[in-house]
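> take a look and give me a structure for this.
(chains A, B, C and D)
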Number of protein chains: 2
Amino acid sequence: MTDIGLREVAAHAGVSIGTVSNVLNRPERVSPATAARVSAAVHELGYVPNIAARQLRAGRSDAIGLSVINITNPFFADVVFGAEERASDAGYSVIVGNGFDSTERESRYLELFEQQRVDGILLSPVEYREEPLQRLRRRGVPVVLVDHRHPRGEISSVSVDNRLGGRIAAQALRDSGCRHLAFIGGPAARQQMVERLEGFQEVSDAAGLRTTHIDTTTLNTRLGRELADRIADLPAEDRPDGVFAGNDHLALGLLQGLVGRGLRVPDDIALVGYDDIEFAAAAVVPLTSVRQPAAQMGARAVELLLHHLGGSDEPVEARFVPELVTRATTRTH
Amino acid sequence: MTDIGLREVAAHAGVSIGTVSNVLNRPERVSPATAARVSAAVHELGYVPNIAARQLRAGRSDAIGLSVINITNPFFADVVFGAEERASDAGYSVIVGNGFDSTERESRYLELFEQQRVDGILLSPVEYREEPLQRLRRRGVPVVLVDHRHPRGEISSVSVDNRLGGRIAAQALRDSGCRHLAFIGGPAARQQMVERLEGFQEVSDAAGLRTTHIDTTTLNTRLGRELADRIADLPAEDRPDGVFAGNDHLALGLLQGLVGRGLRVPDDIALVGYDDIEFAAAAVVPLTSVRQPAAQMGARAVELLLHHLGGSDEPVEARFVPELVTRATTRTH
DNA sequence: ACTAGGCTCTGAAACGTTTTAAGCAACGAT
DNA sequence: ATCGTTGCTTAAAACGTTTCAGAGCCTAGT
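Predicted coordinates:
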């Protein structure tokens, strides 16, 4: 309640406020004797610095904002983890905003970040829009896109080669002996999805296979079960025998739905997910999935931001490589 | 870069700084004409308030800190969601700290909360310790415990009747025809676990069943698979035929491991999880689980905090009731 | 006509830091 | 003896807000 400030510490140690501040921030400028006395006072009174005051005066917040699409998704949880570790090494704290799949919530967080005067922002956009980025750029706040590339490469970004991810998935299904591939994912507005589809289609076409695309607005388990019903109801000649799902949540729902309808996985329908979440291995049939180096991406994103905070304006695109984790929902010959 | 402050807005609108501030915070005190002029200037210059300055002067942060054990756990993700919604209704923002199961990280966040001068703290402790709570109390920062009760009821809390949760689980296993029940969870230091075990044992004893307790340090899918092996290796007379897992992550790992070892669920071993996460329904065998009203708990926790911010010192304990969601890992006769 | 009271608005103080310029003491070199 | 120099410390300004006391003006009541 009665807040202890530098003033109280200074009085208690019999020195000036400036000296206390120096002990805390540039101890080399102060004699060991007084430093000890001040430290004792700090400890004794339980002094805790007031970040607001420090930030106001110093003009820096030493904080970076990180807005993710949905932290419930383990991919983003790992991104956050990697980013926090790296940032904390560099003396920055991370303010995490969880969009919960809502652009409106995301906007609220971006606004909060601005008000907090964060030194930089890491943004994994729920749905890409140019305008807020330009706005931040005008304000001089460096931004690094996460899991999304800027269309003209004007803004630094950290992303995965989604086209390659799509190719890997298609290859797994092709090698599994499938003849009719389907990509189920979306929303189509999301860059990651478009790119995965492109890579997927590419391999499918090259192998002379039929390709279907089912666009979805979300990617959760319940939807997966519903779509499984729709697929199971298709006449055999229209039913895909190899499905690539936009993420593991969707894939696991599909998997359960298909099995529940008596279809055999991978014999009737092979399945590949995306993200390799913890539960992929624990599914009805352990799920083959495409893994992304999430924590590394988070760390790298922070590094790019530090690079800009260091003064560079030149955008950098960091690109990561996805990796197929083969389990039981695809066959290998 | 060139930061626009109240000063610039005031100059641009031809009024004093105080008036601009009034337009923003107490519009009723200012004439519609000037209000309009100021609003125009605010918009035109792209003014964004500096939270640090506001907070420093006002002495309030209008923020509450929320530290959770691990936001990757959907239970906590929902707690956060509920808390954020409720807080935002009341004009507060929530700073979320994710402990990632580490007490050290949790401490870092509590320290950050203090430095930020949050108005109050919602804490779901990774491992309960009295000391940091007393410290916060001395500083006059109201605290509400989440998913944990204070031993002497001195601090407000929001929790679930874990004993009842344990009972429900045991009843489900008993009614499933099991004769030898096991509780697998931990760490034993965690209050929730102790209570669930108590309720579990109570019902098991009353039904004259044998009870085993396997204490674990974490609760994840991998551990579940390892333990499944150990269980499968037990001689039949020592092997439990009904298992209650500390959470769904563990349960799903167990499930997969048991099925992988050729044991039939629920015929050889019945299984009950905790939390009813999204994937519970999508497992090899859809998982029977105990559901907790997470979002409601988060919202209620905020309400209790508001109650204390309103001046009350009297601790309140909010208690929620868990609910069994019956699926296929238990039998019903 | 004068005053009381109500509206608007202004100016300035205050919040707790960091940082800069300057002060002071002691010391070595001239 | 004087002059830098070095090492340590202090006083005070500044950061961008909110808030409070009061100034100015208008209206209504006497």
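
> strands paired with the helix or strand where residue A:184 lies, and their directions?
Using DSSP states H and E, residue A:184 sits within strand A:180-185. Using DSSP bridges, the strands paired with strand A:180-185 in its sheet are strand A:210-215 (parallel), strand A:242-245 (parallel).

> now the helices for the stretch 101-250 of chain A?
A:103-116, A:130-139, A:162-175, A:191-206, A:221-233, A:248-260 (DSSP state H, counting those that start in this stretch).

> relative to residue B:227, which of the ones you listed is closest?
helix A:248-260 (22.0 Å; C-beta to C-beta). (Each C-beta comes from the backbone N, C-alpha and C, glycine too.)

> against which helices or strands is that closest one packed?
strand A:180-185, helix A:221-233, strand A:242-245, strand A:270-274 (3 or more C-beta pairs under 8 Å, 6 or more residues apart in numbering or on different chains; DSSP states H and E).

> okay, the ones you listed in CSV with mean pLDDT next?
Converted to CSV, the helices and strands packed on helix A:248-260 look like this (pLDDT from 0 to 100):
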stretch, mean pLDDT
strand A:180-185, 97
helix A:221-233, 95
strand A:242-245, 98
strand A:270-274, 98
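
> what's the burial count for residue A:25?
Applying other C-beta atoms under 10 Å in any protein chain shown, we find 11 residues neighbouring residue A:25.

> and for residue A:219?
Neighbour number of residue A:219 under other C-beta under 10 Å is 26.

> could you measure from it over to residue A:189?
Using C-beta to C-beta, to the nearest Å, residue A:219 is found at 13 Å from residue A:189.

> give me the phi and psi angles of residue A:217.
The phi and psi torsions at residue A:217 (degrees, to the nearest 10) take the values phi -90, psi -30.

> residues contacting it?
By C-beta atoms under 8 Å, 6 or more residues apart in numbering or on different chains, the residues touching residue A:217 are A:186-187.

> look up how far residue A:110 lies from it.
The separation that residue A:217 has from residue A:110, given C-beta to C-beta, amounts to 22 Å.

> over to residue A:34?
44 Å.

> go through the helices of the stretch 101-250 of chain A and pick out the most buried.
helix A:248-260 (a mean of 26; mean count of other C-beta atoms under 10 Å in any protein chain shown).

> quick one: distance of it to the chain centre.
Distance, stretch centre to chain centre, for helix A:248-260: 24 Å (C-alpha atoms, centre = their mean, to the nearest Å).

> enumerate the residues of the stretch 51-200 of chain A near DNA strand D.
A:53, A:56-57, A:59 (C-beta under 7 Å from any atom of the strand).

> and the residue of the stretch 201-333 of chain A at minimum distance from DNA strand D, how many neighbours?
Nearest residue of the stretch 201-333 of chain A to DNA strand D, counting by C-beta to the nearest atom of the strand: residue A:309, 18.7 Å away. Residues contacting residue A:309 under the criterion other C-beta under 10 Å number 15.

> repeat for the one 10 residues further on
If you count neighbours by other C-beta under 10 Å, residue A:319 ends up with 12.

> partner strands of the helix or strand harbouring it, parallel or antiparallel?
Here residue A:319, judged by DSSP H and E, is contained in strand A:317-320. Sheet pairing of strand A:317-320 (DSSP bridges) gives strand A:157-160 (parallel).

> counting neighbours, what do you get for the closest residue to chain B within the stretch 51-200 of chain A?
Using C-beta to the nearest C-beta, the closest approach of the stretch 51-200 of chain A to chain B is made by residue A:140 at 3.4 Å. Other residues lying near residue A:140 total 9 when counted by other C-beta under 10 Å.

> ok, now how distant is it from residue A:51?
Between residue A:140 and residue A:51 the computed distance is 22 Å (C-beta to C-beta).

> how about stretch A:139-158 as CSV, C-alpha atoms only?
Output of stretch A:139-158 as CSV, limited to C-alpha atoms (Å, rounded to 0.1, in the frame of the first residue of the first chain):
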residue,chain,number,x,y,z
ARG,A,139,4.9,5.0,-35.9
GLY,A,140,8.3,3.6,-36.2
VAL,A,141,7.6,0.4,-34.3
PRO,A,142,9.6,-2.5,-35.9
VAL,A,143,7.5,-5.5,-36.7
VAL,A,144,8.4,-9.1,-37.5
LEU,A,145,5.8,-11.3,-39.0
VAL,A,146,5.6,-14.8,-37.6
ASP,A,147,4.4,-17.8,-39.7
HIS,A,148,3.5,-15.4,-42.4
ARG,A,149,5.5,-13.7,-45.2
HIS,A,150,5.0,-10.1,-46.4
PRO,A,151,3.7,-10.2,-49.9
ARG,A,152,6.4,-7.9,-51.2
GLY,A,153,9.1,-8.9,-48.7
GLU,A,154,9.1,-5.4,-47.2
ILE,A,155,8.7,-6.6,-43.6
SER,A,156,10.9,-9.2,-41.9
SER,A,157,9.3,-12.5,-41.3
VAL,A,158,9.9,-15.9,-39.9
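
> got the buried residues for it?
A:141-150, A:155-158 (16 or more other C-beta atoms under 10 Å in any protein chain shown).

> give the rounded mean pLDDT of that stretch.
Stretch A:139-158 comes out with an average pLDDT of 96.

> now tell me what touches stretch A:44-61 from outside.
Against stretch A:44-61 from outside (C-beta under 8 Å, 6+ apart): A:3-6, A:8-9, A:12, A:24, A:41, A:62, A:116-119, B:50-53, B:55-56, B:61, B:111, B:114-117, B:135, B:138-139.

> can I have the buried ones of these as a PyMOL selection?
Entered in PyMOL, the line below selects the buried ones among those, by 16+ other C-beta under 10 Å:
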select buried, (chain A and resi 4+6+8+9+12+24+41+116+117+118+119) or (chain B and resi 50+51+52+53+55+56+61+114+116+117)
